[in-house]
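Asker: whatever this is, show me its structure:
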Amino acid sequence: MKKFLLVLVMTMIGFAYSIAQELIVNGNMQTEASWITFWRSDAPDVGTVTFNYTTDVPAGGSGGCLSINSFGQSGAHVYQGVTITPGHTYSFTGAFKNSSINELQSTWVELILSRTEPPEGSDFTAGTGDYIYAMNVWMDPPYDTLKYVGFDGTFQEHFQFKWVGGGSAGDSILTTSNLYIPDTTSTPNWYVVIKAGCWADAAGDESVSFNLLFDDISLWDLAQDPPPAIDQSTIVNQFFGIYPNPSEGIVNISFSDENSITYTVYNTLGMIVKSGSLESTKLDFGDLSKGLYYLTLASGTITVTQKLILK
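Answerer: I've put the predicted structure just below:
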């Protein structure tokens, strides 16, 4: 039924799709090919970056992983470029484990989807318009759990995930690992960055150290083409629609699917302004300002996005 539903959405609503694909090359971290690694220039302490590390692995990964091990005052950056298609929805996920010997001090981890390539030798972090998973030992619970030896999970389940607004826009905390890149975005070249570091009171202090593991780093383009072999006459009784559009606030949703449906509304900056589960055939957006939005509906493995105008 999912494939049938997707064909109908393509036919009746006219969404534009491309074949779903993984954008990150060698995200299983079993080879360094396609990844670039550097340590920040102001750090006298340099540790090790090991691909296909098998001594210990995150439970949420598969096979060998990436190990970043260091001490004192150091910071590692591991990144690669990806090509983003504006107007598409992406799933950004990964597995992580703290495999250190001792409880961590003064340590941080970030997984970033950035519009800017990290400048080699510099301490890089997310800028305006970027997306970042973050956890460090200074954050409020539950995001301080990085420090505990054996902490094992995924970025999407345990890390804080946010869109960096910058200026008066402010940051937007995201509640889903799916993110929508507005079709107004003019930058197709983005970068996936893994960052790990620590900062002791003095360089060379090996009492402040870490061994952090990363695996199955993934950025999936969720847009899909309908299978061409499907006969649309077999789905004549299936219906999925959004109306009226433009709307004064109340939007009707018509659908037929055995899965639950969630919705997310983004503004033109890519910030989530409303989200939830579809519990009826009507959604009330009367509390939002007039203007252009992007309404994403997700059911099972299918995600569709349409422009929504509130007047």
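Asker: so where's the stretch 101-250 of the chain uncertain?
Answerer: 224-241 (pLDDT under 70).
Asker: ok, now which ones touch the most centrally placed residue in the chain?
Answerer: Central residue of the chain (Cα atoms, centre = their mean): residue 92, 2.9 Å from the mean position. By Cβ atoms under 8 Å, 6 or more residues apart in numbering, the contact set of residue 92 is 111, 113, 131, 133, 155-156, 177-179, 218-219. C-beta: built from backbone N, CA, C; applies to glycine.
Asker: what does residue 243 give?
Answerer: By Cβ under 8 Å, 6+ apart, the neighbours of residue 243 are 251-252, 254.
Asker: mind putting those in JSON lines, secondary structure, distance to residue 121 and pLDDT included?
Answerer: Shown next, in JSON lines, are the contacts of residue 243 (DSSP: H, G, I helix; E, B strand; the rest coil; distance: Cβ to Cβ, whole Å; pLDDT from 0 to 100):
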{"residue": "251", "secondary structure": "strand", "distance to residue 121": "50", "pLDDT": "87"}
{"residue": "252", "secondary structure": "strand", "distance to residue 121": "55", "pLDDT": "85"}
{"residue": "254", "secondary structure": "strand", "distance to residue 121": "55", "pLDDT": "72"}
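Asker: domain assignment for the chain?
Answerer: 18-221, 232-310 (automatic domain parsing).
Asker: just these: most buried one?
Answerer: domain 18-221 (a mean of 18; mean count of other Cβ atoms under 10 Å).
Asker: give me the distance from that domain to the chain's centre.
Answerer: 11 Å (Cα atoms, centre = their mean, to the nearest Å).
Asker: follow-up on the earlier one: among the contacts of residue 243, which one lies nearest to residue 206?
Answerer: residue 251 (58.5 Å; Cβ to Cβ).
Asker: next one, pLDDT for the nearest residue to that closest one once chain neighbours are set aside please.
Answerer: Leaving aside its sequence neighbours, residue 251 sits nearest to residue 283 (Cβ to Cβ, 6 or more residues apart in numbering; 4.7 Å). Looking at residue 283, its pLDDT stands at 88.
Asker: remind me what the host helix or strand of residue 283 packs against, helices and strands.
Answerer: Element membership for residue 283 (DSSP states H and E) is strand 282-284. For strand 282-284, the helices and strands in contact under the criterion 3 or more Cβ pairs under 8 Å, 6 or more residues apart in numbering; DSSP states H and E are strand 250-254.
Asker: identify all contacting residues around the strand it packs on.
Answerer: By Cβ under 8 Å, 6+ apart, strand 250-254 touches 239-245, 261, 278, 281-286, 295, 297, 308.
Asker: quick check: closest non-adjacent residue to residue 265.
Answerer: Nearest non-adjacent residue to residue 265 (Cβ to Cβ, 6+ apart): residue 274, at 4.3 Å.
Asker: would you confirm that that neighbour contacts residue 286?
Answerer: No: Residue 274 sits out of contact with residue 286 when judged by Cβ atoms under 8 Å, with a separation of 11.0 Å.
Asker: quick one on the thing from earlier: could I get the contacts of residue 92 as JSON lines with secondary structure?
Answerer: JSON lines is the format used below for those (DSSP: H, G, I helix; E, B strand; the rest coil):
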{"residue": "111", "secondary structure": "strand"}
{"residue": "113", "secondary structure": "strand"}
{"residue": "131", "secondary structure": "strand"}
{"residue": "133", "secondary structure": "strand"}
{"residue": "155", "secondary structure": "helix"}
{"residue": "156", "secondary structure": "helix"}
{"residue": "177", "secondary structure": "coil"}
{"residue": "178", "secondary structure": "strand"}
{"residue": "179", "secondary structure": "strand"}
{"residue": "218", "secondary structure": "strand"}
{"residue": "219", "secondary structure": "strand"}
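Asker: please consider this matter closed, and thank you.
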